[in-house]
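Q: Task: produce atomic coordinates for the following.
(chains A and B)
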Number of protein chains: 2
Amino acid sequence: MPGENASMNICTYSFEEYLHLVKSFHGHLAPGLIVGGFMVDLAMKHLPEGEFFDAICETNVCLPDTVQILTPCTIGNGWLSIVPFGKFAVTLYEKYSGKGVRVYLDTEKLDAWPAVRDWYLKKKKKSEQNTDVLLAQIKEAGPCLFSIQHVQVEPEKVRRKKMGPVDVCPTCCEAYPKRDGDKCQSCRGDTPYTDVTAVVMKTKN
Amino acid sequence: MPGENASMNICTYSFEEYLHLVKSFHGHLAPGLIVGGFMVDLAMKHLPEGEFFDAICETNVCLPDTVQILTPCTIGNGWLSIVPFGKFAVTLYEKYSGKGVRVYLDTEKLDAWPAVRDWYLKKKKKSEQNTDVLLAQIKEAGPCLFSIQHVQVEPEKVRRKKMGPVDVCPTCCEAYPKRDGDKCQSCRGDTPYTDVTAVVMKTKN
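A: Below is the predicted model of the structure:
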């Protein structure tokens, strides 16, 4: 097909297969997931040597879903960390040595792709964006939007902290991390819930 | 099959199908994902009325992956929030009204399931646990391990904050949230990276 790059895969998936996975997992074809797909693909191609790698996303918007779709790293298994920089960058690093590769959207490479630039730099409101043009430019540009760095990661700065010993909270009778004190954080008032009432459970049939 | 509960589904999946999804997404059959499967299933059965729901996990260990496997809510699309209570509880709530249902592992219901109690209260080291017995007890107990509450959620306390306007960081030339000041958090020294060096990219073939 003219204009189609036959070798344009996202990791082990064809571009179309990847779009299906995005829709299924993330719910819709967000531009961040398409950009992210090319980023993770590029990071995988520059993976540091070693048996296991962990991932860092520098934003919690979109990009973590790309990592969860394309790599074994998830929020729940602890191999994906999110650091709150609000930056569109992803790092994959060897679990033990911390040697890593960081891929980021490079503002200096965006002149040829104005819709991508306007989206990334929030020059236009969502309602003013032409999503079709934006997605077409992302697909056309592919890996050309990014730069890559070798980085040394300090894993203890990003990895999930262990929960440590647990206690039963005297107020709610649920288990909580002992280090939090004499009752759980929720019962100490740091809670998003009000009007809590027990529900009588139906018996199993 | 004797002892088999034919109606034991996890949301729209059979128990066995769910185990496959867990292995594929999370990497291994962690007890937290099996417990979590029954919890999310129970929450879905008590879902408050409304077109859309969001999710809250009170731990970042295991449970977020259950939610991401079984519901449309993910970290990257912002419909899943993690609040750092270190508690094994999940809440699904109607997006606009905040009316929700919270399911938690109930310490008062664990006497009949000593392996589950020892795992949940961390009475034994991982190396001393008998995983087969633990998984069998979780499967046998199913929804009997939990209690349910109606809760009113204050969505603004848990939802992802908007990034707001962006700027280009004068140090790294990447986009970052303007509210963070005159350069990005990473360039202000709050970084897990050392020894950052640019990689010369191979040209596209």
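Q: So what's the gap between the longest helix along chain A and the chain middle?
A: Ranked by residue count and defined by DSSP state H, the top helix of chain A is helix A:31-45. Centroid displacement of helix A:31-45 relative to its chain, using C-alpha atoms, centre = their mean, to the nearest Å, is 11 Å.
Q: Which strands or helices does whatever helix or strand comes next after it pack on?
A: Proceeding N to C from helix A:31-45, the next assigned helix or strand is strand A:53-57, under DSSP states H and E. Applying 3 or more C-beta pairs under 8 Å, 6 or more residues apart in numbering or on different chains; DSSP states H and E, one finds that strand A:53-57 makes contact with helix A:63-70, strand A:80-82, strand A:89-94. (C-beta placed from N, C-alpha, C; glycine too.)
Q: Spatially central residue in chain A, please.
A: In chain A, the C-alpha closest to the average C-alpha coordinate belongs to residue A:64, at a distance of 1.0 Å (C-alpha atoms, centre = their mean).
Q: That one and residue A:141, how far apart?
A: Residue A:64 sits at a distance of 22 Å from residue A:141 (criterion: C-beta to C-beta, to the nearest Å).
Q: ok, residue A:21 - how many residues close by?
A: The number of residues packed near residue A:21 is 17, by other C-beta atoms under 10 Å in any protein chain shown.
Q: no, scratch that, I was asking about residue A:161
A: The burial count for residue A:161: 11, using other C-beta under 10 Å.
Q: Likewise for residue A:190?
A: Other residues within reach of residue A:190 by the criterion other C-beta under 10 Å amount to 13.
Q: Find the residue ranges of chain A scoring beneath the pLDDT cut-off.
A: Within chain A, the set of residues satisfying pLDDT under 70 comprises A:1-7, A:202-205.
Q: Look up the closest residue to residue A:129, ignoring the ones flanking it.
A: Spatial nearest neighbour of residue A:129, chain neighbours left out: residue A:119 (6.3 Å); criterion: C-beta to C-beta, 6 or more residues apart in numbering or on different chains.
Q: thinking that neighbour is in contact with residue A:130, fair?
A: No: between residue A:119 and residue A:130 no contact is recorded; they are 10.1 Å apart, counting by C-beta atoms under 8 Å.
Q: Show me which of the two is the more surrounded one.
A: Using other C-beta under 10 Å as the criterion, residue A:119 and residue A:130 rank with residue A:119 on top: 23 against 12.
Q: contacting residues for the more buried one?
A: When the contact criterion is C-beta atoms under 8 Å, 6 or more residues apart in numbering or on different chains, the partners of residue A:119 are A:31, A:129, A:134.
Q: so which strand or helix has the last one?
A: Translated: residue A:134. Here residue A:134, judged by DSSP H and E, is contained in helix A:131-141.
Q: Now do the helix or strand just after that helix and strand A:89-94, the angle between them.
A: The helix or strand immediately downstream of helix A:131-141 is strand A:146-153, counting by DSSP H and E. Taking axes from the mean of the first three to the mean of the last three C-alpha atoms, to 10 degrees, one finds strand A:146-153 and strand A:89-94 inclined to each other by 50 degrees.
Q: and the next helix or strand after strand A:146-153, which residues are buried?
A: Proceeding N to C from strand A:146-153, the next assigned helix or strand is helix A:155-158, under DSSP H and E. Residues A:155, A:158 are the ones in helix A:155-158 that count as buried (16 or more other C-beta atoms under 10 Å in any protein chain shown).
Q: Alpha carbons of helix A:155-158, as CSV, please.
A: What follows is the C-alpha trace of helix A:155-158 in CSV, where atoms were taken according to Å, rounded to 0.1, in the frame of the first residue of the first chain:
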residue,chain,number,x,y,z
PRO,A,155,16.2,1.3,41.5
GLU,A,156,15.6,2.0,45.2
LYS,A,157,14.4,5.5,44.3
VAL,A,158,11.6,4.2,42.1
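Q: Mind listing the strands the next helix or strand along the chain from it pairs with, and their directions?
A: The element immediately downstream of helix A:155-158 (helix or strand, assigned by DSSP H and E) is strand A:166-168. Sheet pairing of strand A:166-168 (DSSP bridges) gives strand A:175-177 (antiparallel).
Q: mind giving me the domain split of chain A?
A: Under the assignment named as automatic domain parsing, the residue ranges that make up the domains of chain A are A:9-158, A:164-205.
Q: okay, those in CSV with distance to residue B:71 next?
A: Compiled in CSV, these are given as follows (distance: least, C-beta to C-beta, whole Å):
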stretch, distance to residue B:71
domain A:9-158, 10
domain A:164-205, 18
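Q: Among those domains, show me which one is buried the most.
A: Scoring the domains of chain A by mean neighbour count under mean count of other C-beta atoms under 10 Å in any protein chain shown gives domain A:9-158 as the most buried, with a mean of 19.
Q: contacting residues around the closest residue to residue A:108 other than its chain neighbours?
A: The shortest distance from residue A:108 to any residue other than its chain neighbours is 6.1 Å, reached at residue B:173 (C-beta to C-beta, 6+ apart). Contacts of residue B:173 were listed using C-beta under 8 Å, 6+ apart, and they are A:106, A:107, A:108.
Q: out of the contacts of residue A:119, who's nearest chain B?
A: Set against chain B, the nearest of the contacts of residue A:119 by C-beta to the nearest C-beta is residue A:31 (12.5 Å).
Q: Which residues are in contact with that closest one?
A: Counting by C-beta under 8 Å, 6+ apart, residue A:31 makes contact with A:119, A:131, A:134, A:135, A:138.
Q: Shouldn't residue A:17 be within a helix?
A: Yes: when the secondary structure is assigned by DSSP: H, G, I helix; E, B strand; the rest coil, residue A:17 falls within a helix.
Q: so which strand or helix has residue A:25?
A: With DSSP H and E as the test, residue A:25 turns up in helix A:15-26.
Q: Packing partners of that helix?
A: Packed against helix A:15-26 by the contact rule (3+ C-beta pairs under 8 Å, 6+ apart) you find helix A:31-45, helix A:63-70.
Q: Could you dump those helices into TSV and include distance to residue B:194?
A: Below are the helices and strands packed on helix A:15-26 laid out as TSV (distance: least, C-beta to C-beta, whole Å):
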stretch	distance to residue B:194
helix A:31-45	18
helix A:63-70	22
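Q: Tell me which of those helices lies nearest to residue B:199.
A: Among those, the nearest to residue B:199 by C-beta to C-beta is helix A:31-45 (9.8 Å).
Q: All good on my end, thank you.
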